[in-house]
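S.K.: Based on what follows, work out the 3D shape:
(one chain, ligands or ions: 1)
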Amino acid sequence: MNDFSEMNFDGLVGPTHNYAGLSHGNLASNHNKGRVSNPKAAALQGLSKMRKLLSMGIPQAVLPPHERPFIPALRQIGYSGDDGHIVERAFADNPALLSNLSSASCMWTANAATVSPSPDTDDGRVHLTAANLTAMPHRALEGRQTYRALKAIFKNEAHFAVHEALPHGSLFGDEGAANHNRMSASHGAKGLELFVHGRQALGGAANLKFPARQTLEASQAVARLHGLGAAHVIHISQSPDAINAGAFHNDVVCVANGNVLLFHEQAFENVAALKSQIQAQGDKLGFEPVFLMAPRADMPLSDAIKSYLFNSQLITLESGEMHLILPIEAQETPSAKAFVESCIAANGPLSGADYLDLRQSMSNGGGPACLRLRVQMNAAQRKALHQGVVMSADKITALEDWVKTHYRDRLDIKDIGDRAFLNEMRTALDSLTQLLDLGALYDFQR
Ligand code: SUG
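M.R.: Numbers count the residues shown, from 1 in each chain. Next up is the predicted model:
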């Protein structure tokens, strides 16, 4: 039990990172539509976060970006000829379509999959289900490649069970770990998995101005696939207020770690019921929950969303103390900064905080927590996974060099319709698969 730790799989920001305004209900994405992006800075900011976590003793790995622009999808809808020609034709016909097929959104790996560690599952294996991300067209493309990457990394079936994404369609909208939290006495203890949904597809009613991406039916399906007994599961509803204010995923207003749940008062539909349910199930699983709640009177929802305070990484240090990794926007928002300081001053579980510059990702609505997928594993499981994606300080330097060689520092949405850009993307990804020792991972390599 004691050799458990949490490894963070961060998304390596892809070279097509851009601001296309694709996510209705994600205020940052809508607000920054059409801005010129800096893919090189975006990727380096992400790598710098990984270096920081690694220096704090938190094991770190990466998930590779997906192939974009995604030519197989264009062929499927009738484009033909050589790949360069396809990109140029698609751009001339419909730039918005090509921009959907060129998004680097797989960088937010909190949406890649839902993960249940082995202490919670019936068969004692780590279970991972690739998310179908069916709610947004540009993200619905990700599930197949995510599954392929997870299969390559977690290929040892004695330790890992990787499930394909749920069927597409409005019934099973699944956004992965962004709508999932786990509470437990320690990483290796039996845990309580909190599945959070925005709507019930069958028989539910909602009063929403923005899309509720996660369905209850999808959460239930994932819990079933992972073999989670009733003692390990709670299904909770996001509050419509939160979704309407721009919390398109629950991880914009809530984060959990160990026995701590840090959240905004308006994150959930019924906070009192949630607390008593966690208390009762925690009792049976051997942990005493600590609720760190930001009251609406001190922090309006709009500040929570602007600052991304709750989209932080709440980590357990080797000393057992907890630490927050926040976006710099939280430091710049007085109510968010005051709340963090009050939690630290309370002499509770939280001992410190760091604020990082992730502005390139934040401008598309992705903070520190969006950029990582947490996988809690024991030593044997950590050893069994594909070692090529596991980071050391040297490997991070090698990836920084790779970014500096292949990435542009300025990308306008118009650039994606150029065949030279497509070739640049492929050269970059080809060299990445060698660096991470992943073999032929992409369709264009097969
Ligand atoms: O799905 N943004 C992502 C942000 C995802 C954040 N992830 C978590 N909260 N876990 C999304 O809305 C914007 C892309 C654009 O507009 O170009 C985008 O896809």
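S.K.: Name the nearest residue to the residue most central in space within the chain, ignoring sequence neighbours.
M.R.: Nearest to the geometric centre of the chain sits Ala110, at 1.5 Å (CA atoms, centre = their mean). Leaving aside its sequence neighbours, Ala110 sits nearest to Ala178 (CB to CB, 6 or more residues apart in numbering; 4.5 Å). Heads up, the C-betas are built off the backbone N, CA and C, glycines and all.
S.K.: correct me, but that neighbour touches Thr109?
M.R.: No: look at Ala178 against Thr109 with CB atoms under 8 Å: they stay out of range, at 9.6 Å.
S.K.: Quickly list what's touching both of the two.
M.R.: Common contacts of Ala178 and Thr109 (CB atoms under 8 Å, 6 or more residues apart in numbering): Cys370.
S.K.: ok, back up a step: what about the residue nearest to the centre of the chain, distance to the ligand?
M.R.: According to CB to the nearest ligand atom, to the nearest Å, Ala110 and the ligand sit 4 Å apart.
S.K.: what about that residue, is that helix, strand or coil?
M.R.: With DSSP: H, G, I helix; E, B strand; the rest coil as the basis, Ala110 sits in helix.
S.K.: again, but for the one 4 residues further on
M.R.: Using three-state DSSP, the secondary structure recorded for Thr114 is strand.
S.K.: Please tell me I have it right and it contacts Val222.
M.R.: Yes: using CB under 8 Å, Thr114 is in contact with Val222, at 5.0 Å.
S.K.: okay, now the residue nearest to Ala110: neighbour count?
M.R.: Neighbour count for Ala178, taken as other CB atoms under 10 Å: 28.
S.K.: Mind pulling the model confidence for it?
M.R.: Note on Ala178: pLDDT of 98.
S.K.: Report the contact partners of it.
M.R.: Residues in contact with Ala178 (CB under 8 Å, 6+ apart) are 108, 110-111, 249-251, 370.
S.K.: residue ranges for the helices of the stretch 201-350 of the chain, please.
M.R.: In the stretch 201-350 of the chain, the segments counted as helices under DSSP state H, counting those that start in this stretch are 216-225, 240-245, 271-285, 301-307, 328-331, 334-345.
S.K.: So which other helices or strands are in contact with the last one?
M.R.: Other helices and strands packing on helix 334-345, by 3 or more CB pairs under 8 Å, 6 or more residues apart in numbering; DSSP states H and E, are helix 301-307, helix 328-331, strand 350-356.
S.K.: Could you tell me the angle between it and strand 350-356?
M.R.: 140 degrees (axes from the mean of the first three to the mean of the last three CA atoms, to 10 degrees).
S.K.: List the contacts of helix 334-345.
M.R.: Counting by CB under 8 Å, 6+ apart, 262, 292, 294, 298-300, 303-304, 307, 309, 324, 326, 329-331, 350-353 sit against helix 334-345.
S.K.: Give the burial count for Ala230, as a bare number.
M.R.: Counted with other CB under 10 Å, the neighbours of Ala230 add up to 8.
S.K.: go on, Glu332?
M.R.: Glu332, neighbours per other CB under 10 Å, totals 12.
S.K.: Look up how far Val253 lies from the nearest residue to it once chain neighbours are set aside.
M.R.: Of all residues not flanking Glu332 in the chain, Ser307 sits nearest, at 7.4 Å (CB to CB, 6+ apart). To Val253, Ser307 is 11 Å away according to CB to CB, to the nearest Å.
S.K.: more neighbours, the two?
M.R.: When Ser307 and Val253 are compared for neighbours, Val253 comes out ahead with 30 against 26, by other CB under 10 Å.
S.K.: State whether the more buried one and Leu261 are indeed in contact, as I suppose.
M.R.: No: Val253 is beyond contact range of Leu261, at 11.4 Å (criterion: CB under 8 Å).
S.K.: Filter the contacts of helix 334-345 down to just the buried residues.
M.R.: For the contacts of helix 334-345, a burial check counting by 16 or more other CB atoms under 10 Å picks out 262, 292, 294, 299, 303-304, 307, 309, 324, 326, 329-331, 350, 353.
S.K.: what residues are up against the nearest residue to Gly198 once chain neighbours are set aside?
M.R.: With CB to CB, 6+ apart as the criterion, Gly198 has its nearest non-adjacent residue at 2.7 Å, and that residue is Ala212. Residues near Ala212 by CB under 8 Å, 6+ apart: 173, 197-199, 206, 238, 243.
S.K.: Adding neighbour count, pLDDT and distance to the ligand, write these out as JSON lines.
M.R.: Shown next, in JSON lines, are these (neighbours: other CB atoms under 10 Å; pLDDT from 0 to 100; distance: CB to the nearest ligand atom, whole Å):
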{"residue": "Gly173", "neighbour count": "29", "pLDDT": "97", "distance to the ligand": "12"}
{"residue": "His197", "neighbour count": "25", "pLDDT": "97", "distance to the ligand": "15"}
{"residue": "Gly198", "neighbour count": "29", "pLDDT": "96", "distance to the ligand": "12"}
{"residue": "Arg199", "neighbour count": "21", "pLDDT": "95", "distance to the ligand": "17"}
{"residue": "Ala206", "neighbour count": "12", "pLDDT": "74", "distance to the ligand": "19"}
{"residue": "Gln238", "neighbour count": "27", "pLDDT": "95", "distance to the ligand": "12"}
{"residue": "Ile243", "neighbour count": "25", "pLDDT": "97", "distance to the ligand": "12"}
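S.K.: Output the set of residues of the stretch 151-300 of the chain in proximity to the ligand.
M.R.: Residues of the stretch 151-300 of the chain lying near the ligand by CB under 6 Å from any ligand atom: 178, 248-249, 251-252.
S.K.: got the contact list for the nearest residue to Gln238 once chain neighbours are set aside?
M.R.: Take Gln238 and drop its neighbours on the chain: the residue closest to it by CB to CB, 6+ apart is Gly198, 4.9 Å away. Each residue near Gly198 by CB under 8 Å, 6+ apart is listed here: 179, 206, 208, 211-215, 237-238, 243.
S.K.: Right, I'll call it a day here.
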